[in-house]
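Chemist: following is a predicted model, sequence given first.
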Amino acid sequence: MIEVNAGDMFTVDFQATPATGYQWSVAGVPAGVEFLSDSFTPAGNSAAVPATGTHTFHFLAARPGTVELRFVLKRSWEATSLDERAIQVNVTE
């Protein structure tokens, strides 16, 4: 569980290998949290194929409450996901 104050930004990180075609994406952002952006940071030698690294999602905790963020790991052209994750976020005043 992530603990954060209302009005603060926070991140969620996943290990990723985007060269395989599998990408993490946000599957659900409930009211009270705002999705801001995402970024990828290569690990070590960025020229390595398939490049591995960290996929970081940036959020704003808009108002107090406990919410669940959902993420999926899938290829954009496939209907089913390889992995799914749920992260609980507790936003306090």
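Modeler: That came through, no problem.

Chemist: pretty sure residue 13 sits in a helix.
Modeler: No: counting by DSSP: H, G, I helix; E, B strand; the rest coil, one finds residue 13 to be strand, located in no helix.

Chemist: quickly list what it is bridged to.
Modeler: Beta-bridge pairing for residue 13 (DSSP bridges): residue 56.

Chemist: now do the contacts for it.
Modeler: 54, 55, 56, 57 (C-beta atoms under 8 Å, 6 or more residues apart in numbering). C-beta coordinates here come from the backbone N, C-alpha and C atoms, glycine included.

Chemist: so how far is residue 66 from it?
Modeler: 20 Å (C-beta to C-beta, to the nearest Å).

Chemist: got it, and residue 30?
Modeler: Distance from residue 30 to residue 66, by C-beta to C-beta: 10 Å.

Chemist: just residue 76 next, same as before
Modeler: According to C-beta to C-beta, residue 76 and residue 66 sit 31 Å apart.

Chemist: quick one, which of those two is more surrounded?
Modeler: Neighbours per residue (other C-beta atoms under 10 Å) separate residue 76 from residue 66, with residue 66 holding more: 12 against 8.
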